[in-house]
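*Asks:* requesting a structural model of the entry that follows:
(chains A and B)
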Amino acid sequence: MPLKHTQWITALIAVLLTLPVIIGLIGTLLPAFQFFPPLGEYQFSTAPWRNVFAQGEFYSSLKLTLITGIGGPLLSLWLALSLLAWGYERPFFRKIETLLSPILAVPHAAIAIGLLFLLSPSGWLVRIFSPWLTGFDRPPNWITVQDPFGLSLIFALIIKEMPYLLFVMLAAMKSIKARENIQACQALGYSRFTLWRKVLIPQLYPIIRLPIFIVVAFSLTVVDLALVIGPNTPSTLAVTLYRWFNDPDLSMRFMASAGATFLMVTIVLVLGGWEIAHRAFSAFTRCERSDGKRKGITDILLGAGVVFGLVTLLNAFAALALLPIWSLAKRWRFPDALPSTWTWDNIERATPLLIELTSNTLLIAFSATLIACAASLFMLETKRQSMAKSNKASQQHAFDWLIYVPILLPQIGFLFGLHVLLIYLNLNGSICAIIALHLMYVLPYVYLTLKGPYLAYNENYLLQANRLNNRPWRHYFIIKIAMLKPALFTAFAMGFSVSIAQYLPTLIAGEGRHSTLTTEAIAQAASGDRKQVGSMALLQALFPVIVFWLAQIIPTRWTKWRLAMKNFFQKG
Amino acid sequence: MRKSFAAVSITAALALASLPAQASWQDTLEEAKGQTVYFNAWGGADNINDYIQWAADRIKDEYDVTLKQVKLTDTSDAVNRVLAEKAAGKNNNGSIDLIWLNGENFRAMKDNQLLSKPFSQSLPNYIKYIDESARQSLTLDFGTPVEGMESPWGMAQVIFMHDTETLQNPPKSMQALLTYAQANPGRITYPEPPQFLSSTFLKQALYELTAHRKALSQPVDSVDFDTITTPLWGYLDQLHQVAWRNGQNFPSSSEEMMRLLDDQEIDVALSFDISAASVQIDKGNLPDTVRSYVFDQGTIGNTHFLAIPYNSGANAGAQVVANFMLSPEAQVRKQEPTVWGDLSVLSYDKLSENEQAQFDDLPRGIATLSIEELGKTLPEPHSSWVDALETEWRQRYAQ
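*Replies:* Next up is the predicted model:
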């Protein structure tokens, strides 16, 4: 992009990104120190902190949060790396790749409800073996979900995050010249897992560091997933805070704000610890990696990861397949493996909603994602130019960290502070406010998906074109953008599905006056009715799945279609 | 002569007094025309949402007021929003015009001056049909004086549900419930605090177990909490050992309990909605062998209300809606079991014969109890008990 004054553009975008974050933070920090004029509190005090630290539940929640918030991403990373090492560039793995998009597209709450039905003592897994094998006429009194150790929550986190990490890794493979590396290592006689472990994963990790951080921050702060499938005596810290924030006793808000601040600090500490652990680990294994052995016992670890990874994927698909069945069920009781009576009623009840809510949902998602795509292009171009100037390939740019701040912060607490800003600006309740808030969450994902391919683009095509005929803007679009189509479409699909799944931002910015498929689905999920959730999840997943599918098929056929159109009009 | 003179003057005085009231109601109706009322109400039940939509259509036809439901997952979301607006100094044209609440949420809004000035006692239908002496909960919402700041909408009472296929004679007291759980481990549970039905279960248990019932109507600070509640914790310690999932998990809502009842994981479910069982049987979510029942000593009941936030931009419209919701037409329809089954707040004696007949003719669902069968209603303890019980529960069992 022939941009001028890139510093100014950088500064402007940085301010636009930072401002809401700072205000949201202030909105959380002030109440954490008892300063909150609407409740008549004008004095700073550390009482909220003393209250938090006096709560026994705070410590037990924190422990659970650390277990699930570190365990989930760690296992997801392990399984995703194993699956990638095992299946990369194998034909059947391509099929699995295309199946990932529904998991990425389906909202967390829906997957959690599906999993709950799969795994609970009265769930589908027990049903298919009952009573003929287990002898159970009634469900056993087991704790297979919501267990006090958070294992089922970790499992749910893996199901949602492993596909995302796989997706990001697959996108990053091109920029590390994976194929060439594999061929060279295989020629040298390295086994598949060993070459991945010794050569490819160390190169891959720095590229996917930020997505991993997002996953860690998400796991530490997730509310909807933990509400459905997490333990509840105690719950994770995020859920405990959510309860405190929602307590009718408004003075609980101070303690909740202090807790939310503590959670933010926890995120920073965990991410710092994660990075240190990674560095220590790679220093520790450096000798082993370069000892020249073609095989190693740690290969077993990756092999085991493949098995667990496949089991996890299987569970995810089973959970996803069961939800649509619920939407057609009238009576489906234990121990029936399939509904005993079927009905269209659930779908019929949900269809008027489809028409009503679709326009809102699509308007918000398309606007937010298109703006995010445009903004990402601007930001990446300024980053590219500053990189070109300084001649340092790995230079960190302000954006690389800034845009992640909103998703690294816990939504509860932070969004309340932001809401006050929206009201001041008199922007609350409008569609624009919703789009703006969605943008905050969509932009990082779009930027991240686009970053690798955009920066890896060979500028020489563009330079050559401009030497022949100096029309920089035109060439930027018809050459660079055209060549980056697949990445752009994928980034769009990613952003689109992120926007569709947003619940709290939609509710807070829209003040509940603008319903989307997600706000409606979650309001209905409040009833825990699997039939309604089944139909709503189906509707919610529909558009992202279509967009992901289009993102895969359009780029490869684009030129063919364009030429066909051209021919058609020229002939006509 | 003197007597009739007195009578005349009283009548005249009454007429004079009600004239300005009528006139001001006419003004309210005029002002409300064309307004849009954003009604923030829990949206977790289809049948209730449908009822609100019906009311919206009727109100549009009759008063030219547009009623829009904002479906909440939790009423406190709406309380938070009004608070955020107050924080930002948005004292006019707030985003909420009418809110469905009671108990703690009402107290929180009232204590923090988030509600509009008193309105309910001047609504024509309130004056005409409400008998404040009929039920304590009409004027004391969980112990907090209503003072006209919210208008009654319906009445709820705790009911229990059981499947007659698996459980013929359900336990009808707290003690019997424990005995049943000990004989059938893993089949009894209750919702997790701070879910409102859960605190109701705790209060119900406290009523039956404590020796100091009278103290429950006092604010919790003014009584000896530990002495009064010791029997409750002893009871729960015993119950949790034999409860569903060994007392390590608790269902999150009445809806989840009904799902567990249908899945046959548990044997007894509870609800605050007396027609819940009939509605869910109709939807195919419960077997048609499920029946409702109440405890021998009675169960806790309360009233739920509509309130107007202080910064509503459609105060008049919201009053018109609240008034319509108190009409016999709206209340009869609300009590119809297949529509909602929520009990009327109107005084039966104040209704005309024709209106009384409409209530008499209401059908009942197969699993809905009649007013007589519902038996005695226990009053809600003072609202400060909710928080105290929840906090203590979480300290004991959620760490």
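
*Asks:* contacts only, for the residue in chain B that chain A sits nearest to.
*Replies:* Closest to chain A within chain B is B:Gly186: 3.0 Å, counting by CB to the nearest CB. For the C-beta atoms, the positions are set from N, CA and C on the backbone; glycine is no exception. With contacts defined as CB atoms under 8 Å, 6 or more residues apart in numbering or on different chains, the neighbours of B:Gly186 are A:Asn141, B:Val242, B:Ala243, B:Trp244, B:Arg245, B:Asn246.

*Asks:* and if we set it to 6 Å?
*Replies:* A:Asn141, B:Trp244 (CB atoms under 6 Å, 6 or more residues apart in numbering or on different chains).

*Asks:* does it sit in a helix, a strand or a coil?
*Replies:* Here B:Gly186 is recorded as coil under DSSP: H, G, I helix; E, B strand; the rest coil.

*Asks:* what's the closest non-adjacent residue to the residue of chain A found nearest chain B?
*Replies:* Closest to chain B within chain A is A:Asn141: 3.0 Å, counting by CB to the nearest CB. Leaving aside its sequence neighbours, A:Asn141 sits nearest to B:Gly186 (CB to CB, 6 or more residues apart in numbering or on different chains; 3.0 Å).

*Asks:* tell me the spacing between the one you found and B:Gln241.
*Replies:* According to CB to CB, to the nearest Å, B:Gly186 and B:Gln241 sit 11 Å apart.

*Asks:* do A:Phe334 as well
*Replies:* From A:Phe334 across to B:Gln241, the span is 25 Å (CB to CB).

*Asks:* neighbour-wise, which of those two wins?
*Replies:* A:Phe334 (20 against 12; other CB atoms under 10 Å in any protein chain shown).

*Asks:* residues from chain B in reach of chain A?
*Replies:* Chain B comes close to chain A at residues B:43-44, B:70-71, B:73-74, B:76, B:83-88, B:90, B:95, B:104-105, B:108, B:112, B:186, B:192, B:245, B:248-249, B:255-256, B:259, B:263-265, B:284, B:387, B:394, B:397-399, as judged by CB under 6 Å from any CB of the partner chain.

*Asks:* only whichever of these are buried, select them in ChimeraX.
*Replies:* Per 16 or more other CB atoms under 10 Å in any protein chain shown, the buried members of the residues of chain B next to chain A correspond to this ChimeraX selection:
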select /B:43,44,70,71,73,74,76,83,84,85,86,87,88,90,95,104,105,108,112,186,192,245,248,249,255,256,259,263,264,265,284,387,394,397,398
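
*Asks:* and chain B, what are its domains?
*Replies:* According to automatic domain parsing, chain B comprises the domains B:13-154+B:302-368, B:159-301+B:377-397.

*Asks:* wait, A:Ala491 touches A:Lys451, no?
*Replies:* No. Between A:Ala491 and A:Lys451 there is no contact, the gap being 9.1 Å when judged by CB atoms under 6 Å.

*Asks:* those two: who's more crowded?
*Replies:* A:Ala491 (28 against 24).

*Asks:* spit out the contact partners of residue 174.
*Replies:* All of this refers to chain A. Listed by CB under 6 Å, 6+ apart, A:Lys174 has no contact partners.

*Asks:* oops, I was thinking of chain B
*Replies:* B:Met174 sits next to B:Ala205, B:Glu208 when contact means CB under 6 Å, 6+ apart.

*Asks:* ok so, going back, how about the residue of chain B closest to chain A, phi and psi?
*Replies:* Dihedral pair for B:Gly186: phi 90, psi 0, per degrees, to the nearest 10.
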